[in-house]
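Asks: Kindly return the folded structure for what I paste below:
(chains A and B, ligands or ions: 1)
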Amino acid sequence: MSLDDLYQEIILDHYRSPRNRSGDLDPHDVHVHHSNPLCGDELDLRLRVQDGTVGAVAYDGDGCSISMASASAMTEAVAGRKLSDADDLAEAFRLMMHGEGVKREDDLLDGVAFQGVAKFPVRVKCALLGWMALKDALQTYSEGEAEHRVTYD
Amino acid sequence: MLDVERVRKDFPLLERQVHGRRLVYLDSAATSQKPQSVLDAMTRYYETTNANVHRGVHALAEEATEAYESARNTVARFVCADPRGVVFTKNATEAFNLLAYSWARTRLGEGDILLSTQMEHHANLVPWQLVQPETGFDLRYVPMTAGGLLDLDEFDAVVATGRVKLFTVTAMSNVVGTINPVRELAAKVRAANRDAVVVVDGAQSVPHLGTDMVDLDADFLCFSGHKMLGPTGIGVLAGRPDLLEAMPPFLGGGEMISNVTLEGTTYNEIPYKFEAGTPPIAEAVGLAAAVDYLSGLGMDAVRAHEVELLQTCIPALEAVEGVTVHGPTDPARRGAAVSFAIEGLHPHDIGTIMDREGVAVRAGHHCAKPLVRTLGSAATTRASFYLYNTTDEIQALVDAIEATKNFFKV
Ligand SMILES: Cc1ncc(COP(=O)(O)O)c(C=O)c1O
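Replies: Next up, the predicted model:
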């Protein structure tokens, strides 16, 4: 278990050059805010739905490199996917982080690089933050709502 | 002057390696390491004396009681408290809960102000919040300035109402290190209301500064054994005996009673009234050994050593590009808990990389969220020093910061 498992070059790249990082997305259909008071991470995720697919997704927030880079990689992996498919991909990521094998490796794109984080239990929740926000955004949208806030403890 | 190399030899854990490197332990504000004499005292107690206290007639029970009560006297002397007012608790947190339940809940009502500060550890916030709805007192907080000092104008304004019945403040911040002018604040509170009670959080100050309750002008002082070279599982509420006598018990059970019938109970005298059940006996013995160790070195020497470390540490940190030190920079005004930020880096990432360099620091909100929020962030990185830390370890800290910056290329 080395630092390179945790901080792969791909992860550092997403951290230094975030993709789809923005405090706004105009227009958007759903906005969720997820925070983890224990470590102080905050994440806003905005999603635009287009013909039942992820038309656009933007995140912004304050958190460690793992949480921000993972959100960045997530936005690329889910863009253009059917909503149900994006949800399934988030589930695949979640299982991977809990050490339950890697499914849909090709679809996760750079998300696969976070596999090593599973070996650092205290950091797993960091990697999950963006993906769990996405799952929540999809759920919120399916319930006909536009806003949702979640606080982890 | 403290001979730090000799001191280090007394702490077996400091020999340890972490991730293949020599451990640099900079997390003493969370909990301190323990000298061999404390470990030996506890082992010896279990090997030779172990029995329950206060109720046996056999030799061991008498010796255990003697050891436990002698520990109480040692601790009382260390902070200039009356031993009758020294209650052993589980930790500082329980001491605050005791005060909230037995004092604030029964003495405060509508119109009264309980004044705390934004600098407090959650242990000195949440217990008061728990009893507030029941009693309806006004819970106010002295704000903290961006520089890490209490806002004295705001303090004066609240005190001037004459309604402050309880003032509670930390003598030393566990995040920004600030040493508060407790005596001066207490005098102002009392001048505005003769009956006001002053509570001092000594969890960080008692381990690092010579403490005299009378000189501090504190009615109650709360602290934890584990931050002052003692074991976990024991804390102290030191208080004025007359106040403790008038308070109802906190926890009920054995030891705290004088008579029990099925209809009711009369309570034991203080401090036993507040020590329900079998107390932390071996822990008290360990804490007394810790106090003896500190007294042997002299608290003035401990403080002088830490001031010397701060004189090196603060300029060294400030010299690193992108590093900001939180709180006062003058060593005379602060203790050895040093929080800092590195521009562009999150404390969790800093903590993880530093750990790999063998440097143990803390990252997070340090159980003082209102304070950390005032610093404009959700978390800080904190290096905290104690009597066994060296100037070499400050260099290790600076090197680890540079390594972290290089790793993330900021
Ligand atoms: C200033 C301060 N007060 C109270 C506490 C609570 O101590 P304990 O957790 O031992 O009860 C701490 C411990 O971190 C502290 O630093």
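Asks: and the residue lying closest to residue B:408 once chain neighbours are set aside, what does it touch?
Replies: Closest residue to residue B:408 apart from its sequence neighbours, by CB to CB, 6 or more residues apart in numbering or on different chains: residue B:345 at 6.0 Å. Yep, even glycine has a C-beta here, placed from its N, CA and C like the rest. When contacts are counted by CB atoms under 8 Å, 6 or more residues apart in numbering or on different chains, residue B:345 touches B:404-405, B:408, B:410.
Asks: Which stretches in the stretch 1-150 of chain B count as strands?
Replies: B:17-18, B:21-22, B:24-25, B:86-89, B:113-117, B:138-142 (DSSP state E, counting those that start in this stretch).
Asks: quick one: contacts of the fourth one?
Replies: Right, the one you point to is strand B:86-89. B:72, B:75-76, B:95, B:98, B:234-239, B:244, B:270-271, B:274-275, B:279-280, B:284.
Asks: Give the buried residues for it.
Replies: Residues of strand B:86-89 classed as buried: B:86-89 (neighbour count, 16 or more other CB atoms under 10 Å in any protein chain shown).
Asks: Return it as CSV; C-alpha atoms alone will do.
Replies: The C-alpha trace of strand B:86-89 is given here as CSV (Å, rounded to 0.1, in the frame of the first residue of the first chain):
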residue,chain,number,x,y,z
VAL,B,86,-11.5,17.6,43.2
VAL,B,87,-13.8,15.2,41.5
PHE,B,88,-12.5,12.5,39.3
THR,B,89,-14.5,12.1,36.1
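Asks: Now the residue of chain A found nearest chain B: closest residue in space that isn't a chain neighbour?
Replies: At 2.5 Å from chain B, residue A:40 is the closest residue in chain A, using CB to the nearest CB. Leaving aside its sequence neighbours, residue A:40 sits nearest to residue B:378 (CB to CB, 6+ apart; 2.5 Å).
Asks: Quick check: the one you found vs the ligand, distance?
Replies: Distance from residue B:378 to the ligand, counting by CB to the nearest ligand atom, to the nearest Å: 18 Å.
Asks: Also residue A:70?
Replies: Per CB to the nearest ligand atom, residue A:70 is found 31 Å from the ligand.
Asks: Same check on residue B:186?
Replies: Using CB to the nearest ligand atom, one obtains 17 Å as the distance from residue B:186 to the ligand.
Asks: for that residue, what are its contacts?
Replies: Contacts here follow CB under 8 Å, 6+ apart; on that basis residue B:186 touches B:167, B:198, B:216-218.
Asks: let's see it at 6 Å
Replies: Listed by CB atoms under 6 Å, 6 or more residues apart in numbering or on different chains, the contact set of residue B:186 reads B:198, B:217.
Asks: any idea of the pLDDT on it?
Replies: In this model, residue B:186 is scored at 98, pLDDT.
Asks: Now name the helix or strand holding it.
Replies: Assessed by DSSP states H and E, residue B:186 sits inside helix B:182-192.
Asks: Can you give me the separation between the spatially most central residue of chain B and residue B:115?
Replies: The centre of chain B sits closest to residue B:203, judged by CA atoms, centre = their mean, with a distance of 0.9 Å. Separation of residue B:203 from residue B:115 (CB to CB, to the nearest Å): 19 Å.
Asks: which SS state does the closest residue to chain A within the stretch 251-400 of chain B fall under?
Replies: When scored by CB to the nearest CB, the stretch 251-400 of chain B has residue B:378 as its residue closest to chain A, at 2.5 Å. On the three-state scheme (DSSP: H, G, I helix; E, B strand; the rest coil), residue B:378 is labelled coil.
Asks: And it, its phi and psi?
Replies: Backbone geometry at residue B:378, expressed as degrees, to the nearest 10, gives phi -100, psi -10.
Asks: for residue A:48, same thing?
Replies: Main-chain torsions, residue A:48, degrees, to the nearest 10: phi -110, psi 130.
Asks: again with the one 5 residues further on
Replies: Recorded main-chain torsions at residue A:53 are phi -120, psi 170, according to degrees, to the nearest 10.
Asks: wait, isn't it in contact with residue A:79?
Replies: No. Counting by CB atoms under 6 Å, residue A:53 stays clear of residue A:79, with 8.8 Å between them.
Asks: those helices in the stretch 201-350 of chain B, which residues are they?
Replies: Listed in chain order, the helices of the stretch 201-350 of chain B (DSSP state H, counting those that start in this stretch) span B:205-208, B:213-216, B:241-246, B:281-297, B:299-318, B:347-356.
Asks: just those helices: most buried one?
Replies: Mean neighbours per residue, mean count of other CB atoms under 10 Å in any protein chain shown, is largest over the helices of the stretch 201-350 of chain B for helix B:205-208, with a mean of 28.
Asks: Flag every buried residue along the longest helix seen in chain A.
Replies: When chain A is parsed with DSSP state H, its longest helix is helix A:121-142. Across helix A:121-142, burial judged by 16+ other CB under 10 Å covers A:123-138, A:140-141.
Asks: angle of whatever helix or strand comes next after it against helix A:121-142?
Replies: Next along the chain after helix A:121-142, taking DSSP H and E as the criterion, comes strand A:147-151. Between strand A:147-151 and helix A:121-142, the angle comes out at 160 degrees (axes from the mean of the first three to the mean of the last three CA atoms, to 10 degrees).
Asks: which helices and strands does strand A:147-151 pack with?
Replies: Here strand A:147-151 touches strand A:30-36, helix A:121-142, going by 3 or more CB pairs under 6 Å, 6 or more residues apart in numbering or on different chains; DSSP states H and E.
Asks: mind checking how far the stretch of helix or strand residue B:371 belongs to is from the chain centre?
Replies: Applying DSSP H and E as the criterion places residue B:371 in helix B:369-374. Offset of helix B:369-374 from its chain centre (CA atoms, centre = their mean, to the nearest Å): 18 Å.
Asks: Pull the residues that contact it.
Replies: B:118-119, B:144, B:175, B:365.
Asks: one more time with 10 Å, if that's ok
Replies: Contact partners of helix B:369-374, identified using CB atoms under 10 Å, 6 or more residues apart in numbering or on different chains, comprise A:37, A:40, B:116-122, B:125, B:141, B:143-146, B:148, B:170, B:173-176, B:178, B:326-327, B:339, B:347, B:364-366, B:368, B:378-380.
Asks: I appreciate the help and will end here.
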